[in-house]
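> What follows is a predicted protein model with its sequence.
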Amino acid sequence: MVGTTISSSDGSNTIDNGGKNSSTGGMPSAPISPRLDDNRNKLRDIFDRSTDLIIIPWSFGPNLECHAIAIYYDSLVQSRTINFMKYTLQDLAPHEVGQATDVTLQQIIQFYEHHGVSEKKGELVDDFALAVHSISKGCVLLFFDGWDKAISFNALAIETRQVAEPTNESVVMGPRESTVENIFKNIGLLRLRLRTPHFKLQQITAGGETKTEIIYGYVDGAVDPELLNEFHRRMEIVEQLEIMETSYVEQLIEDSSYSPFPQHRYTERPDVAVAAMLDGKIAVLVQGTSGILLCPGLFTEFFQSGEDYYQRTIISSMIRWLRIVSFIIALTLPSIYIALTTFHPELIPTVLLLAVIDAREGIPLPAFFEALVMEFFFELLREAGVRLPRPVGSAVSIVGALVIGDAAISAGIASPIMVIVVALTGIASFTIPQYNIAIALRVLRFPLMISAAFLGGFGMMICLLLMLLHLCQLRSLGQPYLAPLAPLRFKQLRDVLVRAPLKTLLKQPRNRHMHEGGK
Amino acid sequence: MLRFPIACCLLITMLLGLTGCWNKYELVELGFVLGTALDEGKDGSIILTTQIYRPSSGSTGQGPSNVVSNVMVTTSNATVFEAVRDIPIHLGRKAQWSHMRVVIISEQLAKHQPLGQLLDYFSRDHEPRQTLNLIITEGRAADLLKKRPMIEKTTSQQLLRSVEYSHSTSGKTILTSLLDVAIQFKSAHPDTVISFVHNSPDEAGIFSAAGLGLFKQEKLVAIMPAKHVQSLNMLRNQYKTGILEVACEGKKKTTETFEIIKLNSHVAPVWQQGKVASIHANIEIVGAIGEMKCIQIKTTKDEQAFIKLLEQQVKKQVQAAYRYMQKRQIEVIGIGNTIYRSRPKTWFAMKDEWDTQFSKLPLDLSVKVKIETSGTTTSVPGMSNAGAGS
């Protein structure tokens, strides 16, 4: 288990407790009483009405006169197989089997205070609040009568999903590992690919109740220090709040909440996350979620897919172009259709126009409403398809194919051309590798359609210019969102419109100052 | 960052305020004009026949139906524009002119009314394209428009394609757009040509795009037959590809055919003492042997002889077309404009007598033919033994 082995004193990992209040949460710190009964009563009060809390009294020492209790959450620990009390005593008793009558409390105190060698590493806890927190985290705590400290064993053992193939970012070539809901497994996947002490991981614990572990990693030297400071500053808010998912962090640290454009990127592929960190991004992992948040996310990065770097240059560049075209189609095709048919029929080639006229004849709705109705149908089906339980899902596609594909045309509500437009728009939006920018397009399509319906191509231009203005003023962690297009940075353009050969892409290292500036 | 939603709200309010201010028409509110025919009515009025596309309302798109895909609207008035404005009275939809392919003008109308006045509306209004094509036809222009198309969906499209391919594959007419004619009318020597489509009088008969209407002072003066149009194309350097026929020696009915692949020509007046003494034309032809029936080309000497034969044939044809123009005192080769461009002062002095002067100028012609391929390895008649030496 990766999760059980990671702890703060492990040398190679630089996880340190960044947050100040992370250890005690809301409770004021109080010393542990040397009297076992006091502690037991106090714990009973705190963990009132918790059916899965187990308190086991133990006796040992000469004439079994020394008393201790083990306390833990049954639902979180591996107690069924390991008895930590027995381990503790076994380290001190010279024999394997017996009642441990020759072990005294003094021996235990001495052994643990001087960090004696033990198979199961226990930590000393002298703060009551910290002890309570440790229990909540899935530790087994041992309290001894007459000692004002407790021993805490990390025994967290919960079932997690196995590392599987990525579902959202599937590729033909490239690694097929995907992150899981266990944060330590994910870190293991990252560290496997980034074997350097420059790879720093910092942990904060967020929320008074949830105590969510949030770990963010970056490559020292590759990341811009100013960016990192800005990130630290914004993470301060995160620490105060209950974090359920990585997207919480995204929304809390983003620059513009009302923008439809995502300002940070997600990935569930460790290779993508590592490449991004080498490019100077900060990766944020949250316990309990599988997505890795990469900050900051720039506009052009949403067109990049992990596979771009595994395929040949020409193919990747072509596919990059395809994505750009499909971005434009997904954004503008319905509005182009509206603008052309209602304002500029002269722009359609004659033969095509005649086909469009044939298709439009007898449709009761104006082009705008026709497009709106069909887009609405499509969005309905899409949403229904996502939310429905999987066994029922196929019913949606059948009904959808019938309603959109056939019935709407036979009933004369929509023209076949409109169906093509809607279908093409939908397919085009699926080719964009990042889901969160694809849904932004879903939203932006409608104002564009409205302005096309009112003012034709002129209205479309107004709307597109407004979008461009918005994109220009958008920042992600203080970085211009459209970089390297605006401000124009020629050297970084090699991974925007084309994917330059890896020889040139990697020759001037992305983390150039790493070897000089980094420690 | 509330600026974006605020901007959006502002935009939408502004857009709502502006609704309906522009030329918004749904497709079903428009009638798309595909072609127009102009005929002469009584008392010099104009009969305007417009062919308007009728959508096949079976929008399921299950194959082409046999329903005629257009409607004809005939309006008559003193001017073209007034006639145009009368169309919705009958049609019930606004006519949309931007996809008009052709304007057909009847021979009668073109003879009696200056073309520039007839076409002014089409070149001035913003909807019709400058690239629409002009066609002259015999008889009533509307009859031509009412013919059933051979292969295209509509007659107008059929006419356009016929003229286009007649020009590019056989050189038997010249594709003339509204813009070409407008430029020509405004140039120093305004005589021009417009493609001619021959219409067989019987109802089911087909039409053929061959010939050329010659215009002098914006009025039709003659219809040039197709055989001369080929030569005129050569002189105007507008010849694309075509066929040259050479009669076999001794046998009048058998002809060899030669395919012209590329043709370059240069025509210039020859000046003597400040006056045009003659016209010099230089024609270079590259081509391939198309059909062989009697001549054998086995040696370079044979080839030279055949080339000579071809050159003579071209000279004969071009001279014939030249004489045709001289006889009618109309010069549409473009020499007048060449003179104006090189010596504008001289041109202004001579432009009134140019047509009569032209009718007396000799044409000094030099033709060069190059055979690029014979199509077979041995240049002898391949299929028949008619010309075989043995």
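Ah, there it is.
> pLDDT wise, what is residue 312 at?
No chain specified, so I'll use chain A. pLDDT, residue A:312: 92.
> my question was about chain B
On pLDDT, residue B:312 comes in at 92.
> which SSE is it in?
Assessed by DSSP states H and E, residue B:312 sits inside helix B:300-327.
> packing partners for that helix?
helix B:226-235, strand B:242-247, strand B:275-291, strand B:363-373 (3 or more C-beta pairs under 8 Å, 6 or more residues apart in numbering or on different chains; DSSP states H and E). Just so you know, the C-beta spots here come from the backbone N, C-alpha and C atoms, and that holds for glycine as well.
> and if we set it to 7 Å?
Packing partners of helix B:300-327 (3 or more C-beta pairs under 7 Å, 6 or more residues apart in numbering or on different chains; DSSP states H and E): helix B:226-235, strand B:242-247, strand B:363-373.
> Can you tell me which of these is packed in deepest?
Here the criterion is mean neighbour count by mean count of other C-beta atoms under 10 Å in any protein chain shown, and of the helices and strands packed on helix B:300-327 the winner is helix B:226-235, at a mean of 22.
> I'd like the next helix or strand past the helix or strand of chain A with the lowest mean pLDDT.
The weakest-scoring helix or strand in chain A, judged by mean pLDDT, DSSP states H and E, is helix A:2-5 (a mean of 34). Using DSSP H and E, the helix or strand that follows helix A:2-5 in sequence is helix A:36-46.
> Under the pLDDT cut-off, which ranges of the stretch 101-250 of chain B? List them.
B:203-205 (pLDDT under 70).
> Looking at it, which residue is nearest chain A?
Taking C-beta to the nearest C-beta, chain A has its nearest neighbour within the stretch 101-250 of chain B at residue B:153, 6.7 Å off.
> how many other residues sit next to that residue?
Using other C-beta atoms under 10 Å in any protein chain shown, residue B:153 has 18 neighbouring residues.
> picking that back up, how about the helices and strands packed on helix B:300-327 in a markdown table, adding distance to residue A:397?
Shown next, in a markdown table, are these (distance: least, C-beta to C-beta, whole Å):
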| stretch | distance to residue A:397 |
| --- | --- |
| helix B:226-235 | 61 |
| strand B:242-247 | 58 |
| strand B:363-373 | 59 |
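> Make JSON lines out of these and add distance to chain A.
Formatted as JSON lines, the helices and strands packed on helix B:300-327 follow (distance: least, C-beta to the nearest C-beta, whole Å):
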{"stretch": "helix B:226-235", "distance to chain A": "27"}
{"stretch": "strand B:242-247", "distance to chain A": "27"}
{"stretch": "strand B:363-373", "distance to chain A": "35"}
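> out of the ones you listed, which comes closest to residue A:368?
Closest approach to residue A:368 among those (C-beta to C-beta): helix B:226-235, 49.7 Å.
> Please give the centre-to-centre distance between that closest one and its chain.
From the chain centre to the centre of helix B:226-235 is a distance of 12 Å (C-alpha atoms, centre = their mean, to the nearest Å).
> Could you list every helix and strand in contact with that helix?
Using 3+ C-beta pairs under 7 Å, 6+ apart: helix B:226-235 touches strand B:207-216, strand B:255-272, helix B:300-327.
> downstream neighbour of the longest one in the secondary structure list?
Tracing the chain past helix B:300-327, the next element assigned as helix or strand by DSSP H and E is helix B:335-342.
> In the following helix or strand past that next one, which residues are buried?
Later in the chain than helix B:335-342, the nearest helix or strand by DSSP H and E is helix B:344-350. Residues of helix B:344-350 classed as buried by neighbour count (16 or more other C-beta atoms under 10 Å in any protein chain shown): B:347, B:350.
> which strands and helices sit next to helix B:344-350?
If contacts are counted by 3+ C-beta pairs under 7 Å, 6+ apart, helix B:344-350 sits against helix B:335-342.
> Now do the buried residues in the helix it packs on.
Buried-residue list, helix B:335-342, by 16+ other C-beta under 10 Å: B:335-340.
> three-state assignment of residue B:38?
With DSSP: H, G, I helix; E, B strand; the rest coil as the basis, residue B:38 sits in strand.
> pretty sure it is touching residue B:108, no?
No: between residue B:38 and residue B:108 there is no contact under C-beta atoms under 7 Å: 10.1 Å.
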